[in-house]
Structure formats: C-alpha cells, structure tokens
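> The sequence and its predicted three-dimensional model are supplied below.
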Amino acid sequence: MQVLYTIWDVFFNQIIVKPQLLLAIIVAIGYIFLKRPWTTVVSGAIKTTVGIMILQLGSGQLINTFRPIMLALSERFGIQGTIIDGYVGFPMALEALGDRQSWVGYVILIALAVNIFLVAIGAFRSVFLTGHIMFQQSAIATWIVVYTLGLPILPSILIAGALVGLYWTIGSHLLIKPTAVVTNNAGFTLGHQQMLMDWITAKLAHLFGDPKKDDIEKIELPGWLAILDDNIIATTVIMFVFIFAIMMAMGIPAVTEMAAGTHWLLYIVLTATSFSVYITVILTGVRLFVAEIANSFKGISEKLLKNAVVGVDCPALFPFSPNAWILGFLITTVGELVAIIGLIVFKSPVFIIAGFVPLFFDGGPIGVYANKFGGYKAVLFFCFITGVIQVLGSALMVPMSGLVGGWMGNFDWATVWPAITVLLRFVGNLFGLPVPPYGV
C-alpha cells in the first residue's frame, strides 16, 4: 500500500506538475510506439527535458526581472488593488483552499481523464500537457467551485475537474489549425490561458489587413533603421524606450534605489539588454524540444490516441514571429493602462494592477496569430483589446472570486471563467446553495 501511495505522490506532485518530466515521458513513449532505436528514445527525452528547462529559465528570469518594476510603479503612486498575475493569484487560491489543497490533485486527474477520453472517442484532437499551467488552472478552478457552491469534496472535485477538462480540450483543439498555419505544421497546438482570444484573432484578423503585405516580420526598414531588422537589436532598443518611459514616470530617485548602487541610466540599459538575453534563452529552449515533440507524438497519435495533437506552452510560438510577439506585448500593455485609467476615472470599487505574465504571455501569442492572419494592423487592434478586456474582465471577476489581492488576469480568466462563475452562481442559487454575495 505504501508503494502505491509513493507512486501516486511522485506522479502527481513531482511529475505531472513539471512539464519537462511529463513531456519527456510522452516523447519517450511516442518514440517507443514508432519503434525508434533506444538511443533516439533517450536522446529525445533528454533534449525535451533540457529544452523545456531552458525555456522555463528564460521565462522565469523575464518574470523575476520585470514584475518588481510593475510593482514598484504601483507603489510609487500609492496604488493598491488586485494584481492580475497568475503567480500572485495562484498562491492566493492555494492559501484560500487551506486544508483542501489536496483536492487540486484530484481535479487535475479528473480534468486530464476528461481530456483524454474526449480525444480517445474522436470528439476532439488535442491533449493539454502544459504541466505548471494545468496546476495553476486546476487550483483556481477548484477554489471558484468551493467558494461559489460550498459543496463537499466529491461534488466539488467532479464539477471542477469536468469544467477544467472541457476547457483544456476545447480551447487547445480550437487552435490546432491556426497553430499549424503559424508554425508550418510543426505538430503541436497551444495549451495556455488566452486560447479564446487566440482563436478569435485567427478567425477575424484578415479583416484588418493583408498578412502578406503587412507581415511585421517582412517589413524592410529604410536607411540606418535597417539595423532594427535584427531581432536582438530591435528588441533591446524597443525595450529600452519602454523601460525608460516607465522608470522616468517613477522618478530618478526611485530608479536609483532599485538600481542598488548601479547608475540609474546603466540600470535601465542593462535591464533592457537582459530582456533580449532571456528572449534568446527562450528561443534556444524552444528549438530543442519542439522538433522532438512533433516527431515523437506521431507515435501516440498513430498507436494510442488517433490523430491527437499535443498542447504545449505558448513560448513555443515565439520563434515563428518574434517581432509580432514583442509588438503584441507592448500594445497589450497600452490597452491595460488605458483600461486602468478608465477604472480610476469612473471610480471603480475594484482597482486592478497590471501584472507582467498576462501582458507578455497573452499579448505575445495573440500578436503572433494576429500578424500571421492579418498583419501588424491586426496586432495593434487585437492586442489593445486584449489588454482592455484583461483589466475590465478581471475587475468584474474579482468580486465573484473571493480573491481580492490577486487574480490570474490572463484573457480566458477575464472572459471564459467569469462566464462559468456566473453560471455556477445561477445554478447554486437555483438549488439553494450558500452562494456568496457579489462584492469585494
């Protein structure tokens, strides 16, 4: 019995939540089904593990570098409110669950079972395997169900698991075809937190321009501006301007304090440069594991789950349109700032503080889809709208969530999950359950 418990604990607490291990196992199984040599099985698993860990390193450093800047900007102006960032909302949900945190593991299991079942019967094709995102989403969804309906463990985990499983399955399935176009049939789909807007963008972007004429990746700059054709240089210059503007809004004394002994201007230069460094790290990691997943998953789609496609983390899209990603990030930031100003002007009872993760990891992939199907004009429109909806949708959701200090903030958690929560509240009231009142 102890052995079974240990296996269960290791799988759910140490493998399924770590995408580098989960996907390495998937790659190995895929190559085994394809009857590849053992050297290919081992090397594929290792490259996948290393590639995803490199990607996580780059993503983690980006978050660790730029989240303090966003928080310092809020503190500089004495702003208090709800931070929309998964790495703030997620621990708050776990804390709110208290001794019910173990329920999250059951929700992940049920959600994954729902996902695999729907793929197995041929209704859908995508298997959502972005481990850390799966854990975040399951935790938040578990808390929403517990807080809204106040039910005991069994109905709570069944409801949360079914909802999350359907969300994973449908969301990532919708992006199979658009992602194939973006990546030239690389063999994966997206499994993340802005899948609805990715799909809407892919469907409607053509209304805003000709992707062949307006492709930001193919725009040739005249004269000395041609230096910006190099992605590393362009990213560094753009981020310097962006960060410089933020830092000047904070004031030189505040920047000097953040710089911790480094001259404030050099601190800005180094911060902008570090952005390009971490982007390069992400690209290196993506290139390592994407080919392995695409090649090996054919074994699973042929032998185990017919025509299945793996859903992976959104940075896998970055190499296919890096300029569109950066532009999407910047325009999403503008959209959020405009919406936040709107909350102030209209004296909203809920105030939202921008978080880095929704800006970069929503704006980026949405920008990639927008550019591929409609060019840079589509990027400007859809990413601006994304930023606005992230803020306004989160402001509507926070009073229903019971999590005042932090929320996920990504597009789906400002649209899809508020709609689900409204439905849960309606059903709860219909059956006389202890639904909490709406309000902060």
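Arrived safely. Residues are numbered from 1 along each chain as shown.

> Not counting residues beside it along the chain, what's closest to G375?
For G375, ignoring the flanking residues on the chain, the nearest one in space by C-beta to C-beta, 6 or more residues apart in numbering is D214 at 2.4 Å. In this view, the C-beta of every residue, glycine as well, is placed from N, C-alpha and C.

> Which residues belonging to stretch 247-254 are considered buried?
Neighbour counts over stretch 247-254 (16 or more other C-beta atoms under 10 Å) mark 247, 250, 254 as buried.

> And the pLDDT at the last one?
Among the per-residue scores, A254 shows a pLDDT of 86.

> Please apply the same query to the second one.
Here the pLDDT value assigned to M250 is 83.

> now swap in P399 and tell me
The model reports P399 with a pLDDT of 93.

> Report the contact partners of it.
349-350, 438-440 (C-beta atoms under 8 Å, 6 or more residues apart in numbering).

> Neighbour-wise, give me the winner out of those residues.
Most neighbours among the contacts of P399, by other C-beta atoms under 10 Å: V350, with 18 neighbours.

> Does that one fall in a helix, a strand, or a coil region?
Using DSSP: H, G, I helix; E, B strand; the rest coil, the structure places V350 in coil.

> For it, give me its contacts.
Counting by C-beta under 8 Å, 6+ apart, V350 touches 81-82, 343, 395, 398-399, 440.

> Flag the shaky bits of the stretch 151-300 of the chain, pLDDT-wise.
Residue ranges of the stretch 151-300 of the chain with pLDDT under 70: 221-229.

> out of the buried residues of stretch 247-254, who's nearest S321?
Minimum distance to S321 across the buried residues of stretch 247-254 is 28.2 Å, recorded for M247 (C-beta to C-beta).

> where's that closest one, which helix or strand?
Assigned by DSSP states H and E, M247 belongs to helix 231-250.

> isn't D215 right up against F373?
No: under the criterion of C-beta atoms under 8 Å, D215 is not in contact with F373, lying 10.3 Å apart.

> between the two, who's got more neighbours?
F373 (22 against 18).

> how much space between the more buried one and M197?
Remark: distance between F373 and M197 (C-beta to C-beta, to the nearest Å) = 13 Å.

> What backbone torsions are found at the residue lying closest to F128 once chain neighbours are set aside?
Distances taken as C-beta to C-beta, 6+ apart place W168 nearest to F128, at 3.6 Å, with adjacent residues excluded. Torsion angles at W168 (phi, psi; degrees, to the nearest 10) stand at phi -60, psi -50.

> and W168, how far is that from N115?
Note on W168: its distance to N115, by C-beta to C-beta, is 5 Å.

> Mutual contacts of the two, please.
With contacts defined as C-beta under 8 Å, 6+ apart, the residues shared by W168 and N115 are F128.

> tell me which of the buried residues of stretch 247-254 is nearest to G364?
Once C-beta to C-beta is applied, the member of the buried residues of stretch 247-254 that ends up nearest G364 is M247, at 22.3 Å.

> check contacts around the closest residue to the closest one other than its chain neighbours.
Once flanking residues are discounted, M247 sits nearest to V255: 4.6 Å by C-beta to C-beta, 6+ apart. Residues near V255 by C-beta under 8 Å, 6+ apart: 247, 264, 267-268.

> By neighbour count, which of these wins?
Counting by other C-beta under 10 Å, top hit in the contacts of V255: M247 with 23 neighbours.

> quick one: that residue and L266 touch, right?
No: using C-beta under 8 Å, M247 is not in contact with L266, being 11.9 Å away.

> residue contacts, the closest residue to L129 other than its chain neighbours?
Computed as C-beta to C-beta, 6+ apart, the closest residue to L129 that is not its neighbour in sequence is V310, at 5.6 Å. Applying C-beta under 8 Å, 6+ apart to V310 gives the contacts 23, 26, 126-127, 129, 187-189, 191, 293, 297.

> Need the contact partners of stretch 286-296.
Stretch 286-296 is contacted by residues 23, 26-31, 34, 44, 47-48, 50-52, 54-55, 186-188, 310, 312, 315-316, 318-319 when judged by C-beta under 8 Å, 6+ apart.

> Filter those residues down to just the ones in strands.
Counted as lying in strands by DSSP state E, out of the contacts of stretch 286-296, are 188, 310, 312.

> Looks like the first one contacts V309 (just checking).
Yes: contact between F188 and V309 holds when scored by C-beta under 8 Å: they sit 6.4 Å apart.

> Touching both of those two, which residues are there?
F297.

> where along the stretch 301-440 of the chain do the helices fall?
Taking DSSP state H, counting those that start in this stretch, the helices of the stretch 301-440 of the chain run over residues 322-345, 356-374, 376-401, 416-430.

> Can you tell me which of those is most buried?
Stretch with highest mean neighbour count among those: helix 356-374 (a mean of 28; mean count of other C-beta atoms under 10 Å).

> could you say what helices and strands that helix packs with?
Packing contacts for helix 356-374, counted by 3 or more C-beta pairs under 8 Å, 6 or more residues apart in numbering; DSSP states H and E, involve helix 38-76, helix 86-97, helix 176-183, helix 195-204, helix 322-345, helix 376-401.

> ok and the fourth one relative to helix 416-430, angle-wise?
Here the directions of helix 195-204 and helix 416-430 differ by 120 degrees (axes from the mean of the first three to the mean of the last three C-alpha atoms, to 10 degrees).

> Many thanks, we can stop here.
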